[in-house]
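In: Output the structure for:
(chains A and B)
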There are 2 protein chains.
Amino acid sequence: MRHVPHLYLCGPWESDEIALSEAHRRHLGRVLRLADGAVVSYTDGEGTTGEGELAGAAIRRGIEARVAKPAPEVAVAVAPPSKPNRARFLVEKLAELGVDRLIWLRTRHGEGRPPRPAKAEAWARAALEQSRGAWAVRIDGPVEMEDLPSSSTLWVAERETNPPPSVVNGGILVIGPEAGFAEGEVPHRANRLGLGRRVLRVETAAVVGAAILLDRSGRLSR
Amino acid sequence: MRHVPHLYLCGPWESDEIALSEAHRRHLGRVLRLADGAVVSYTDGEGTTGEGELAGAAIRRGIEARVAKPAPEVAVAVAPPSKPNRARFLVEKLAELGVDRLIWLRTRHGEGRPPRPAKAEAWARAALEQSRGAWAVRIDGPVEMEDLPSSSTLWVAERETNPPPSVVNGGILVIGPEAGFAEGEVPHRANRLGLGRRVLRVETAAVVGAAILLDRSGRLSR
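Out: Residues are numbered from 1 along each chain as shown, chains lettered A, B, ... in the order given. Coordinates of the predicted model:
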């Protein structure tokens, strides 16, 4: 089976051809050695996907389709890990899994800073392309805990607690900093979500917790 | 709360003091700046843990306890990723989560090679210390698919398949190479396990699939 590259091309697309960035051109031309007319799939990261062809420094648009927004929404609010490569891992893996939102949390004991937005977006887009997704993760923050939308169910990861009920309806997974939350920092309305007895690093808890919330929200079914 | 370091100290321990490696000595002395008498927890990675104290270039053993082997067994058999940093991530995260066995798979389309055993063991031990575990992951292989123990349930990760039943009894998660399995390579007895519609990298599928198998096997409960 021939490999068809999948590109994130920022929308809205207004003509029959979409101009390629220098990075995309280099990747398609020099790395993949594709010639004009080669089939390429593409998405705007907002649910539209298409299959077009390479035409010089652009993609000639072909048949396009809408992919429904996955439901229910699953978000992760996390205190940034202090090491940049761990932050990168976190962004990439959540984007690859198809988490809807990543919200950087400002916490009392947190020592890490969020990566620069342009950097985080670039990691997320590469992961969207790699995983052939149609919906990009939205990255926001940093915000305080009380700024998290009050309409969403909060799931706070905690050691030595049981996993969530077997069927849940999405929500926001909340992961504190390595040093833990301060007293009174976690709102009363939050539910507890156990991820086993091991002490997990911030980025591991985020990815594993997201996988379990997606799974129990029916988001990993065909 | 004071942080008590957790050390993996290779057993069996035969006297009241356990000699420290040069790396441990440096970490405790120069990085953590602990003095003699400081409390240190330790494990042999085979279910024994203890709380002792630093005594020069050794740990003086204190009260010890046995931690039962977590059941049911959850293993991951995986075609090695081709990039070393992705193999490292895979080993670290599975060790951190508490997966019991990691088996490198030799597959027809696989291009990666397993990391050197000494390297993989070092990554796994650091993750065991970090996560404060009592049972180290066992790393084996590379083996062929037909060498996987026939008494274990196999769960082959596949796109566009449903997740496993909500209660499972452990088993071996099988992850193929980026290029997929060859025809006929997956044994008939294998069950399918869906991880959603995204194309996941080998190491992402391994960690997410392991989290879901551990969860559904009751291994993440208190």
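In: rest of the way, CA atoms for contacts and neighbours
Out: Will do.
In: Tell me if stretch A:90-101 is near chain B.
Out: Yes - against chain B, stretch A:90-101 shows contacts by Cα under 8 Å from any Cα of the partner chain at A:93, A:96-98.
In: so can I have a markdown table of these showing secondary structure, neighbour count and pLDDT?
Out: Compiled in a markdown table, these are given as follows (DSSP: H, G, I helix; E, B strand; the rest coil; neighbours: other Cα atoms under 10 Å in any protein chain shown; pLDDT from 0 to 100):
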| residue | secondary structure | neighbour count | pLDDT |
| --- | --- | --- | --- |
| A:93 | helix | 27 | 97 |
| A:96 | helix | 27 | 97 |
| A:97 | helix | 28 | 96 |
| A:98 | coil | 27 | 97 |
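In: from those, which two are the most distant?
Out: Spanning the widest gap among these are A:93 and A:98, at 8.6 Å by Cα to Cα.
In: what sits against the residue most central in space within chain A?
Out: Of all residues in chain A, the one closest to the mean position by Cα atoms, centre = their mean is residue A:95, 2.6 Å from it. For residue A:95, the contacting residues are A:124-125, A:127-128, A:136-137, by Cα atoms under 8 Å, 6 or more residues apart in numbering or on different chains.
In: Looks to me like it is in a helix.
Out: Yes - assigned with DSSP: H, G, I helix; E, B strand; the rest coil, residue A:95 falls within a helix.
In: quick one: it from chain B, how far?
Out: Computed with Cα to the nearest Cα, to the nearest Å, the distance linking residue A:95 and chain B is 10 Å.
In: Identify the residue spatially nearest to residue A:46, adjacent ones excluded.
Out: Counting by Cα to Cα, 6 or more residues apart in numbering or on different chains, residue A:135 is the residue found nearest to residue A:46 once chain neighbours are left out, at 5.0 Å.
In: Please state the backbone phi and psi of the closest residue to residue A:112 other than its chain neighbours?
Out: In space, residue A:112 comes closest to residue A:82 once its chain neighbours are excluded; the distance is 3.8 Å by Cα to Cα, 6+ apart. Phi and psi for residue A:82, reported as degrees, to the nearest 10, are phi -80, psi -20.
In: next one: the one 4 residues further on
Out: Here the main-chain torsion angles of residue A:86 (degrees, to the nearest 10) amount to phi -80, psi -30.
In: With residue A:123 instead?
Out: Torsion angles, degrees, to the nearest 10, at residue A:123: phi -60, psi -40.
In: can you count the residues close to residue A:63?
Out: Residue A:63 has 9 neighbours, counted by other Cα atoms under 10 Å in any protein chain shown.
In: Would you agree it falls within a strand?
Out: Yes - secondary structure of residue A:63, determined by three-state DSSP: located in a strand.
In: Report the contact partners of it.
Out: A:50-52.
In: rerun at 10 Å
Out: By Cα atoms under 10 Å, 6 or more residues apart in numbering or on different chains, the contact set of residue A:63 is A:41, A:49-52.
In: Can you flag which of the residues you listed belong to strands?
Out: A:41, A:49-52 (DSSP state E).
In: Tell me which two of those residues sit farthest apart.
Out: Counting by Cα to Cα, the most remote pair of the ones in strands among the contacts of residue A:63 is A:49 and A:52, 9.8 Å apart.
In: in chain A, what spans have low per-residue confidence?
Out: A:1-2 (pLDDT under 70).
In: OK, contacts around residue A:155?
Out: A:76-77, A:164, A:170-175, A:189-194, A:209, A:213.
In: Buried subset of these, written for PyMOL?
Out: A single PyMOL command is used to select the members of those judged buried by 16 or more other Cα atoms under 10 Å in any protein chain shown:
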select buried, chain A and resi 76+77+164+170+171+172+173+174+175+191+192+193+194+209+213
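In: near chain B, which of the contacts of residue A:155 show up?
Out: When contact is defined as Cα under 10 Å from any Cα of the partner chain, those meet chain B at A:164, A:193-194, A:209.
In: Closest to chain B out of the residues you listed?
Out: Using Cα to the nearest Cα, residue A:194 comes nearest to chain B of the ones next to chain B among the contacts of residue A:155, at 6.7 Å.
In: was I right about that closest one contacting residue B:221?
Out: Yes - here residue A:194 reaches residue B:221: they are 6.8 Å apart, a contact under Cα atoms under 10 Å.
In: any residues in contact with both of these two?
Out: A:159-164, B:215.
In: and chain A, what are its domains?
Out: A:6-66, A:74-216 (automatic domain parsing).
In: all helices of chain A, in order?
Out: Here chain A has its helices, by DSSP state H, at A:22-26, A:84-97, A:117-130, A:202-216.
In: coming back round to it: quick check, nearest of the residues of stretch A:90-101 next to chain B to residue A:183?
Out: residue A:93 (30.0 Å).
In: if I look at that closest one, how far off is residue A:124?
Out: Remark: distance between residue A:93 and residue A:124 (Cα to Cα, to the nearest Å) = 9 Å.
In: follow-up on the earlier one: is it possible to get TSV of the residues of stretch A:90-101 next to chain B that adds distance to residue B:21?
Out: TSV is the format used below for these (distance: Cα to Cα, whole Å):
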residue	distance to residue B:21
A:93	35
A:96	39
A:97	40
A:98	43
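In: how far away is the residue nearest to residue A:169 when sequence neighbours are not counted from residue B:222?
Out: Nearest residue to residue A:169 in three dimensions, chain neighbours excluded: residue A:217, at 5.3 Å (Cα to Cα, 6+ apart). Residue A:217 sits 21 Å away from residue B:222, going by Cα to Cα.
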